[in-house]
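[1] From the sequence below, what's the structure:
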Amino acid sequence: MRHSLNIRHASYVAILLLVLPALAPKHHAQPAAPEFDLIITGGRIVDGTGNPWFVADIAVKDGRIAGLGHIAADRAARTIDAGGLIIAPGFIDVHTHIESGIEARPTADNFLRMGVTSVITGNCGGSALPLGEWFSKLETGGVSINIGSLIGHNTVRRAAMKGDFDRPPAPDELQRMRELIDGAMRDGAVGLSTGLEYVPGAYAKTDEIVELAKVAAGYGGRYATHMRNEDETVEQSIKESLQVGAAAKCPVEISHFKISSKMRWGASSITTSMIEAARASGQQVTVDQYLYTAGSTGIGILFPSWIFEGGPAKTKERLQTAATRARIKREMIEKAGRGGFKDFSFAYVASYKANPAFNGKNISEISLSVRKKAGVEEEAEQAIEMLLAGGAQLVLHKMSDEDVARIFRAPFTMVASDSGVLDPNDSSIPHPRGFGNNARALGVYVREKKMVSLEEAVRKMTSLPAQTFGLWERGLLRPGLAADIVIFNDKTIFDRASYQQPKQYADGIDYVLVNGQVVIDKGQHNGTKPGRILRRSK
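    Alright, predicted model coming up:
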């Protein structure tokens, strides 16, 4: 009997072992998480070194390049097919003026839509101050591009000298400037910038600049300069820039390198040779340029700099005093003449708040329309009235194609826009460089004019800027580096922005990644803000 029960018990156990798994709740196996966030497949990689392109896939994970080679597409959450396209490091624009504009338009569409993922601002002597507070504000609000900054000499000189500029600084004022620069470098500034064509920097002697550049050099920073003169005495300005760098033991970066005088067209053969000679002697010097024959700055550039000493009230007083006004007008005409211009038709209005109808017209056209009388003296009077009414931003046609091309071919030249974050919907007619500069380099100077190779142009926009400003995690496509990436069509990339219609985004840029996140997706900005502050490496 006991034996029979044991058999029966064994049968029940066997049945339960067969039935229970079927009755148990079903737990489906979860698919494994993707190994990578994104894989870019099939494109030609131009890696930023200047080496010839090659075909490979790129894997992105947690904001960085996680792999390079043959990578199966199913290992990522998303795949971008870059067949027929170029994959390059995100472009780095080393000469911008984004202060105030980036706060209003943190998505920085005009930069990203031409492939720019990182910018250096604080150029030409003007920067945010205190820099650390500005950085914190941007980090709190979020931005779509990476941002590094110089500390501006004009900014600190103004803060230390309180409006009385036409003199050397007193010892305590010079010390105050040192302290302000030191604080900015501690906050992460990448160097010191000067704007020696503008007040108050125009009054600074070379020895003052050397003393301040030494502070930046002590932190491994650079000296970036808008030189005193870019036209008739450009050679002397280059010599001073090199002198500052040598005395301060600081690398030198010369901003918007150009020949801005009709009388000196062709002199780029001299100026580029000066940089070559300095580099051959062991001095670290680079330059940047925008690829247009026009520049852009405030209307004050048409005037002798001495009229701005003492601030706006003093300037207004001088302009409204008959004898002084006559002198100013005479010096304005002489200044234009030294540049090879008989009138002010080279100066077009980009933005004039007092009368937006002037936007897009040159000073000669505006003067004739308003004053009903032709002549350079009338044009100078018109410019004076516009300055008194609040000033204007100008586009200045003063350069030659030959000089722009020669400077671009130099191996130490970077591509930079000298632009801010622009509003595509306001009434201004700005310089087209803010919407098309990088695309122009690739579409016009590489594809059409064949000035340099595609790989060399990309180097000028990626690894050379990164090397110059110590952005060691960017500028190359290498595993472990930040995944700032631009994907474009080298056969169709084109700068649609023109002087007449500058607010047009470039064609041919399909995707842009910033710190591993897609920001430009199939040609459109998706609103994401993965940008970071690029503080100088400690």
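[2] Pull the number of nearby residues for W306.
    A count of nearby residues for W306, using other Cβ atoms under 10 Å, gives 16. C-betas here are computed from N, CA, C, even on glycine.
[3] So what does it have for phi and psi?
    phi -60, psi -20 (degrees, to the nearest 10).
[4] for it, what are its contacts?
    Taking Cβ atoms under 8 Å, 6 or more residues apart in numbering, we find W306 in contact with D166.
[5] quick one: it from L396, how far?
    Going from W306 to L396 by Cβ to Cβ, to the nearest Å gives 20 Å.
[6] now E331
    E331 sits at a distance of 17 Å from L396 (criterion: Cβ to Cβ).
[7] same thing with M451?
    Taking Cβ to Cβ, one finds M451 at 23 Å from L396.
[8] What of P530?
    36 Å.
[9] More neighbours: which of M451 and L396?
    Neighbour count, other Cβ under 10 Å: between M451 and L396, L396 has more, with 23 against 17.
[10] Is it correct that that one falls within a strand?
    Yes: counting by DSSP: H, G, I helix; E, B strand; the rest coil, L396 falls inside a strand.
[11] shouldn't E253 be in contact with M227?
    No: the pair E253 / M227 is not scored as a contact, 11.3 Å apart, by Cβ atoms under 8 Å.
[12] higher neighbour count, the two?
    E253 (31 against 22).
[13] residue contacts, the closest residue in space to that one that isn't next to it in sequence?
    Leaving aside its chain neighbours, E253 sits nearest to A224 (4.2 Å; criterion: Cβ to Cβ, 6 or more residues apart in numbering). If a contact means Cβ under 8 Å, 6+ apart, then A224 has 94-95, 120, 123, 150, 191-194, 252-255 as its contacts.
[14] rerun that using 6 Å as the cut-off
    Residues near A224 by Cβ atoms under 6 Å, 6 or more residues apart in numbering: 150, 191, 193, 253, 255.
[15] Return the member of those residues nearest to P502.
    For the contacts of A224, the closest approach to P502 (Cβ to Cβ) belongs to S255, at 21.0 Å.
[16] Who are the contact partners of the closest residue to the closest one other than its chain neighbours?
    In this structure, S255 finds its nearest non-sequential neighbour in H226, 4.8 Å apart by Cβ to Cβ, 6+ apart. Going by Cβ under 6 Å, 6+ apart, H226 touches 124, 195, 197, 255.
[17] rerun at 7 Å
    124-125, 194-197, 255 (Cβ atoms under 7 Å, 6 or more residues apart in numbering).
[18] Closest to K214 out of those residues?
    Checking those one by one against K214 (Cβ to Cβ), the nearest turns out to be T194, at 13.7 Å.
[19] Look at the closest one and give its secondary structure.
    Classified using three-state DSSP, T194 is strand.
[20] partner residues bridging it?
    T225 (DSSP bridges).
[21] For burial, what's the neighbour tally of it?
    For T194, using other Cβ under 10 Å, the count is 31.
[22] wait, it sits on G201?
    Yes: using Cβ atoms under 7 Å, T194 makes contact with G201 at a distance of 5.4 Å.
[23] so what sits against both of the two?
    By Cβ under 7 Å, 6+ apart, the residues touching both T194 and G201 are 125, 153.
[24] Got the phi and psi for the residue nearest to G523 when sequence neighbours are not counted?
    With Cβ to Cβ, 6+ apart as the criterion, G523 has its nearest non-adjacent residue at 5.8 Å, and that residue is D510. Backbone torsions for D510, taken as degrees, to the nearest 10, come to phi -90, psi -40.
[25] Contacts only, for D510.
    By Cβ under 7 Å, 6+ apart, the neighbours of D510 are 85, 487-489, 522-523.
[26] Just the buried residues of the residues you listed.
    With burial judged by 16 or more other Cβ atoms under 10 Å, the buried subset of those is 85, 487-489.
[27] out of those residues, who's nearest N146?
    Among those, and counting by Cβ to Cβ, the member closest to N146 is I487, at 17.7 Å.
[28] Wait, the closest one touches L85, no?
    Yes: taking Cβ under 7 Å as the definition, I487 is a contact partner of L85 at 5.3 Å.
[29] shared neighbours of these two, anything?
    In contact with both I487 and L85: 43, 510, using Cβ under 7 Å, 6+ apart.
[30] Please name the nearest non-neighbouring residue to K137.
    Per Cβ to Cβ, 6+ apart, closest to K137 is E103, 7.4 Å.
[31] sec struct for Y499, please.
    coil.
[32] That one: what's it in contact with?
    Y499 touches 395, 432, counting by Cβ under 7 Å, 6+ apart.
[33] what's the spacing between the residue nearest to the spatial centre of the chain and V116?
    Closest residue to the average C-alpha location of the chain: D93 at 3.2 Å, with Cα atoms, centre = their mean. Using Cβ to Cβ, D93 is found at 5 Å from V116.
[34] What residues of stretch 69-79 count as buried?
    So for stretch 69-79, counting by 16+ other Cβ under 10 Å, buried means 71, 73, 76, 79.
[35] returning to that earlier point: sort out for me which of the contacts of A224 are in strands.
    Judged by DSSP state E, strands contain the following of the contacts of A224: 191, 193, 253.
[36] So which of those is the closest to E365?
    S193 (34.3 Å).
[37] could you measure the closest one against Q236, distance?
    S193 is 20 Å from Q236, by Cβ to Cβ.
[38] what element comes up after the lowest-mean-pLDDT helix or strand in the chain heading to the C-terminus?
    Among the helices and strands of the chain, helix 2-23 carries the lowest confidence by mean pLDDT, DSSP states H and E, at a mean of 44. Sequence order places strand 36-41 as the next helix or strand after helix 2-23, per DSSP states H and E.
[39] what's the model's confidence in that following strand, averaged?
    In this model, strand 36-41 has an average pLDDT of 97.
[40] Which residues does the closest residue to V55 other than its chain neighbours form beta bridges with?
    Counting by Cβ to Cβ, 6+ apart, the nearest residue to V55 once its immediate chain neighbours are dropped is R44, at 5.9 Å. R44 has these beta-bridge partners by DSSP bridges: V55, I86.
[41] count of neighbours near R44?
    18.
[42] list the contacts for it?
    So R44 contacts 53, 55, 86-87 (Cβ under 7 Å, 6+ apart).
[43] one step back: and the pLDDT at the residue nearest to K137?
    97.
[44] Please report phi then psi for T413.
    Dihedral angles (degrees, to the nearest 10) for T413: phi -100, psi 130.
[45] That one against R459, yeah?
    No: when contacts are counted by Cβ under 7 Å, T413 is not listed as touching R459 (10.5 Å).
[46] Could you check which of the two has the larger neighbour count?
    A side-by-side neighbour count of T413 and R459, using other Cβ under 10 Å, places R459 first with 26 against 21.
[47] mind checking how far the more buried one is from K503?
    Taking Cβ to Cβ, one finds R459 at 29 Å from K503.
[48] No more questions from me, cheers.
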